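Asks: Sequence and computational prediction follow.
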Amino acid sequence: MASNNNSSSESQKKPNPKKCNLLDHHSIKHLLDETSTEGSFNTTGLVVSSKFPRFSDMYTLTIESADPNSISANKPVELTKSVTKWFTKDGVLVEGLFWKDVEGLIHDYNKEPKKNK
């Protein structure tokens with residue numbers, strides 16, 4: 001029985017691919033927003049916001065301090081990229097590609113020089 005439990009728990013760990021309707025602007029934005037805030041960094045006093053203008057394929061993700069006046073706050077960073085880089089033609093989000101860009105943005109935020117008092 002133990003081997004059955006292990007194999008079922010392993011199959012439960014594998015996430016389902018995230019899919020959306022590429023013709024539905026709101027569906028794309030919702031999926032990208034939901035995915036970008038799944039990381040642990042959203043509990044460290046950062047604000048993650050996004051813009052996805054109607055009739056555009058350009059998605060903008062911004063990371064900034066929740067308290068911009070704090071001595072430890074870094075300058076906001078922004079990533080703007082076509083959503084076509086993160087989805088297959090069938091509307092499946094290629095999370096690895098998206099997360100690579102999100103992690104790069106987090107790295108950029110963390111390397112920004114601290115503000116002066």
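Replies: Cool, got the structure. Numbers count the residues shown, from 1 in each chain.

Asks: distance between the ends of stretch 62-79?
Replies: Using Cα to Cα, to the nearest Å, the end-to-end distance of stretch 62-79 comes out at 6 Å.

Asks: in it, what counts as buried?
Replies: By neighbour count on 16 or more other Cβ atoms under 10 Å, the buried set for stretch 62-79 is Thr62, Ile63, Glu64, Ser65, Ala73, Asn74, Val77, Leu79. Placement of C-beta: from N, CA and C, glycine included.

Asks: Determine the next helix or strand in the C-terminal direction from the longest strand seen in the chain.
Replies: Determined from DSSP state E, the single longest strand within the chain is strand 58-65. Heading C-terminal from strand 58-65, the first helix or strand you meet, by DSSP states H and E, is strand 77-82.

Asks: Let me see the mean pLDDT of that following strand.
Replies: Average pLDDT, strand 77-82: 96.

Asks: and what of stretch 85-95?
Replies: For stretch 85-95, the mean confidence score works out to 90.

Asks: same check, this time on stretch 100-111
Replies: Rounded mean pLDDT across stretch 100-111 is 89.

Asks: Now it - C-alpha only, PDB.
Replies: Extracted in PDB, the C-alpha atoms of stretch 100-111 (Å, rounded to 0.1, in the frame of the first residue of the first chain):
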ATOM      1  CA  LYS A 100      12.300  33.100 -16.200                       C
ATOM      2  CA  ASP A 101      11.100  36.600 -17.100                       C
ATOM      3  CA  VAL A 102       9.500  37.200 -13.700                       C
ATOM      4  CA  GLU A 103      12.600  36.000 -11.900                       C
ATOM      5  CA  GLY A 104      14.700  38.200 -14.000                       C
ATOM      6  CA  LEU A 105      12.500  41.100 -13.000                       C
ATOM      7  CA  ILE A 106      12.800  40.200  -9.300                       C
ATOM      8  CA  HIS A 107      16.600  40.000  -9.800                       C
ATOM      9  CA  ASP A 108      16.500  43.500 -11.400                       C
ATOM     10  CA  TYR A 109      14.500  44.900  -8.500                       C
ATOM     11  CA  ASN A 110      16.900  43.400  -5.900                       C
ATOM     12  CA  LYS A 111      20.000  44.700  -7.600                       C
END
